[in-house]
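Asker: here is a sequence together with a model predicted from it:
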Amino acid sequence: MKLLKVDNVSMIFGGLTAVKDFNLDLNQGEIVALIGPNGAGKTTAFNMITGVYKPTIGRISYKGNDITGQRPDQITKQGIARTFQNIRLFKDLTVLDNVLIANHLHLKSNFLEATFKLPRYRREEKEILEKSLNLLEKVGLVDAQGEKSSSLPYGKQRRLEIARALATNPEILLLDEPAAGMNPKETDDLTEFIRQIRDEFHLSIFMIEHHMQVVMGISDRIYVFDHGVTIAQGNPYEIQNNQKVIEAYLGVAEDYA
Ligand SMILES: Nc1ncnc2c1ncn2[C@@H]1O[C@H](COP(=O)(O)OP(=O)(O)OP(=O)(O)O)[C@@H](O)[C@H]1O
């Protein structure tokens, strides 16, 4: 089933076309990567899908509903979550508190119920604690629940960020450079982890990634941007052997090892 559909979307900033005529289908259960040299328009594409930018032209639909130009919080509520290129955790809070906060955004209790800790609020709080611990268990961080998030090794901070995104119950998860800054062991673990959460949480995953080992290892399909234009799409084998892709990466190859 097609979950996400991007139809002829362009984003123009002043005189600069950051993304031009972008088309994407994301099917249930797929892992799809978006690659391309620096400044190719990848983050802009993410920002349009998640409501940070309203596309200048085109339409984005999720499960058949037009979500073009909706606010980020409205889009997240419907089932599209994301992580960011730079980790955005509450550094001084514990691992558990970071996930609890993400969950609290979905409380049904109103201000009064929360202030006076009325029964519905107390019940919801208990449910949220259970849900958060369960999430931490599933991402392998339950033993670190009391640690300050900034004290975690980098790979685990990424996992925690993903756990926070999962707290919003997404069907689609957008990962912006999940392997950035990771050592080879962390990168291997991440590849396995992404597959595992896809299966465990029945996700479809769309990710921007520069690390070719990760991209080629887990993607069902890959889209390639260069200067805002989709120059290729296909499976990992097709992309690795695509002449336009090879040319786009020439001269910058050392950055993408
Ligand atoms: N808000 C904005 N206003 C003006 N120009 C922007 C804005 N956001 C992005 N751009 C420009 O759009 C182009 C695409 O940027 P974008 O960040 O989407 O590329 P990217 O492929 O994600 O790059 P990287 O791999 O370095 O993160 C760049 O030229 C960038 O300077």
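Answerer: In hand now; what should we look at? Numbering: from 1, shown residues only.
Asker: which other helices and strands contact the host helix or strand of residue 43?
Answerer: Assigned by DSSP states H and E, residue 43 belongs to helix 42-49. Contact analysis of helix 42-49 by 3 or more CB pairs under 8 Å, 6 or more residues apart in numbering; DSSP states H and E lists strand 2-13, strand 16-27, strand 31-35, strand 172-176, strand 204-208 as its packing neighbours. For the C-beta atoms, the positions are set from N, CA and C on the backbone; glycine is no exception.
Asker: just the angle between that helix and strand 31-35, please?
Answerer: Using axes from the mean of the first three to the mean of the last three CA atoms, to 10 degrees, the inter-axis angle of helix 42-49 relative to strand 31-35 is 130 degrees.
Asker: can helix 42-49 be said to contact the ligand?
Answerer: Yes. Counting by CB under 6 Å from any ligand atom, the ligand has neighbours in helix 42-49: 42-44.
Asker: give the pairing partners of the following helix or strand past that helix; include direction for each.
Answerer: For helix 42-49, the following helix or strand on the C-terminal side (DSSP H and E) is strand 57-62. Partners of strand 57-62 in the sheet, by DSSP bridges, are strand 2-13 (antiparallel), strand 65-66 (antiparallel).
Asker: tell me the residue of the stretch 51-200 of the chain that sits nearest the ligand?
Answerer: Residue nearest to the ligand within the stretch 51-200 of the chain (CB to the nearest ligand atom): residue 85, separated by 6.3 Å.
Asker: just to be sure, that residue is in a helix?
Answerer: No. Residue 85 is assigned coil when assessed by DSSP: H, G, I helix; E, B strand; the rest coil, not a helix.
Asker: shouldn't it be in contact with residue 176?
Answerer: Yes. Assessed by CB atoms under 8 Å, residue 85 is found in contact with residue 176 at 4.6 Å.
Asker: tell me where the model's unsure across the chain.
Answerer: 1, 104-121, 250-257 (pLDDT under 70).
Asker: need the residues of it near the ligand, please.
Answerer: Checking the chain against the ligand by CB under 6 Å from any ligand atom, the hits are 13, 16, 18, 36, 38-44.
Asker: swap the cut-off to 8 Å and go again
Answerer: 11, 13-14, 16, 18-19, 36-47, 53, 85, 177, 208, 210, 225, 228 (CB under 8 Å from any ligand atom).
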